[in-house]
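S.K.: what shape does this take:
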Amino acid sequence: MTHRTARRQFLSSAAGMAGAFALAPAALSRTPAARRSEDWFQISLAQWSLHRSLRAGRLDHLDFARFTKETFDIEAVEYVNQFFKDKATDFDYLGEMKKRAQDAGVASLLIMIDGEGSLADESSKKRRTAVENHFKWIAAARFLGCHSIRVNAAGGGDQEEAKRRAGDSLRRLADLADPYDINVIVENHGGYSSDGEWLAGAMKLANHKRVGTLPDFGNFNLGDGRWYDRYKGVRQLMPWAKAVSAKSHDFDQGGEETKTDYLRMMGIVQDAGYRGFVGIEYEGGTMPEVDGIKATKALLERVRDELGGGG
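M.R.: Sure, this is the predicted structure:
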């Protein structure tokens, strides 16, 4: 299936929902109603933080936005496509997602996409298929009022060739996303992408206004027991950041995250001039998910106050 065919097929299936794309102005539809003007970043919640509850059926995906607002007083969410994988073109379902988020006063920021193919695959056919597989999520993100989809720059073979392939695929995907006002952002998420220098290089090769990064504080595992310096990596990725992921695992008695110095890390984010949302992504296993999310939020709020308004 070509890009043109994929686009035509999707638009045909969406014909009955044409009016839904006449969204409210972006600034209104993507920004929580209550926000403190003095804050240099706002806090959002990545759905992966509740993956155990979602997988166990203790929380329904459709209730995620409401639960986030009521439980954590957080007014912006980041979805993970794994929890509604077969619903990308189901506009009744997407419409219900959108309605429930709006009813709760919660902004939908982005969709994290997994399982749709490797954008840096050595096979040109597989790369083309991966790009086409992501298109439906671009349109779904636009419908929901998101600003971005998060993709993975996975692939093997020669490192430099993989970088070139990633840049090319990202540029092609961004060309598809541009008419929808959707960004294509890449997370450091294993393999070559956990090397900050490599991913920054892929950004330069893509060279597209819609292509950016989602720096994650913790995903710098290069494999075989090797780790890329997380502070260096985030600093390298921040020039292209359109979102930031505050990964957390464990906390000491003082409420500090044990693997990442949040004051140092958020100082890097601030110094880069970033003024967007910072998403909580709790992955710990030593405390319940709700408690881990609350601990991460409290830490971010304290660090935000310590660092000041950010100019």
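
S.K.: show me what the helix ranked longest in the chain is packed up against.
M.R.: Taking DSSP state H as the criterion, the chain has its longest helix at helix 124-144. Packing partners of helix 124-144 (3 or more CB pairs under 8 Å, 6 or more residues apart in numbering; DSSP states H and E): helix 3-13, helix 91-104, strand 107-112, strand 148-151, helix 159-177. Placement of C-beta: from N, CA and C, glycine included.

S.K.: that helix to strand 107-112, inter-axis angle?
M.R.: 170 degrees (axes from the mean of the first three to the mean of the last three CA atoms, to 10 degrees).

S.K.: in helix 124-144, what counts as buried?
M.R.: Residues of helix 124-144 classed as buried: 127-144 (neighbour count, 16 or more other CB atoms under 10 Å).

S.K.: now the angle from it to helix 91-104?
M.R.: Computed by the same axes, to 10 degrees, the angle between helix 124-144 and helix 91-104 is 50 degrees.

S.K.: show me the contacts for Y231.
M.R.: Residues near Y231 by CB atoms under 8 Å, 6 or more residues apart in numbering: 261, 264-265, 268.

S.K.: which one of those residues sits closest to W240?
M.R.: Closest approach to W240 among these (CB to CB): I268, at 14.1 Å.

S.K.: secondary structure element for the closest one?
M.R.: helix 262-271 (DSSP states H and E).

S.K.: may I have the strands that pair with the helix or strand that that helix is followed by, each with its orientation?
M.R.: Downstream of helix 262-271, the first helix or strand assigned by DSSP H and E is strand 277-282. Its sheet considered, strand 277-282 pairs with strand 42-46 (parallel), strand 244-248 (parallel) by DSSP bridges.

S.K.: mind putting those into JSON lines with distance to R165?
M.R.: Shown next, in JSON lines, are the strands paired with strand 277-282 (distance: least, CB to CB, whole Å):
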{"stretch": "strand 42-46", "distance to R165": "27"}
{"stretch": "strand 244-248", "distance to R165": "24"}
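
S.K.: would you convert the ones you listed into a markdown table that also reports mean neighbour count, distance to R58 and mean pLDDT?
M.R.: Below are these laid out as a markdown table (neighbours: other CB atoms under 10 Å; distance: least, CB to CB, whole Å; pLDDT from 0 to 100):
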| stretch | mean neighbour count | distance to R58 | mean pLDDT |
| --- | --- | --- | --- |
| strand 42-46 | 25 | 16 | 98 |
| strand 244-248 | 26 | 21 | 98 |
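
S.K.: and the contacts of Y231, which are buried?
M.R.: 265, 268.

S.K.: need the contacts of Y231 in TSV (columns: pLDDT and distance to I43).
M.R.: What follows is these, written out as TSV (pLDDT from 0 to 100; distance: CB to CB, whole Å):
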residue	pLDDT	distance to I43
D261	98	18
R264	98	18
M265	98	15
I268	98	17
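
S.K.: closest to R165 out of the contacts of Y231?
M.R.: Of the contacts of Y231, the one sitting nearest to R165 (CB to CB) turns out to be I268, at 28.8 Å.

S.K.: I'd say the closest one and P239 touch.
M.R.: No - with contact defined as CB atoms under 8 Å, I268 does not reach P239; the gap is 11.5 Å.

S.K.: overlap in contacts, the two.
M.R.: Common neighbours of I268 and P239 (CB under 8 Å, 6+ apart) do not exist.

S.K.: among the helices and strands packed on helix 124-144, which is nearest R66?
M.R.: helix 91-104 (4.3 Å).

S.K.: quick one: pLDDT of the residue lying farthest from the centre of the chain?
M.R.: Going by CA atoms, centre = their mean, the residue of the chain most distant from its centre is Q253, 29.6 Å out. Predicted confidence (pLDDT) at Q253: the value is 96.

S.K.: quick one: low-confidence residue ranges for the stretch 1-150 of the chain.
M.R.: Counting by pLDDT under 70, the stretch 1-150 of the chain has low-confidence residues at 1-38.

S.K.: for burial, what's the neighbour tally of Q102?
M.R.: Residue neighbour count, defined by other CB atoms under 10 Å, stands at 15 for Q102.

S.K.: residue contacts, V106?
M.R.: Counted by CB under 8 Å, 6+ apart, V106 has contacts 32, 65-66, 68-69, 74-77.

S.K.: top of those by neighbour count?
M.R.: A65 (28 neighbours).

S.K.: which of the helices or strands spans that residue?
M.R.: Judged by DSSP H and E, A65 forms part of helix 64-72.

S.K.: that helix - contacts with which helices or strands?
M.R.: Checking 3+ CB pairs under 8 Å, 6+ apart, helix 64-72 ends up next to strand 76-80, helix 91-104, helix 289-307.

S.K.: the longest one - what's its average pLDDT?
M.R.: What it means is helix 289-307. 98.
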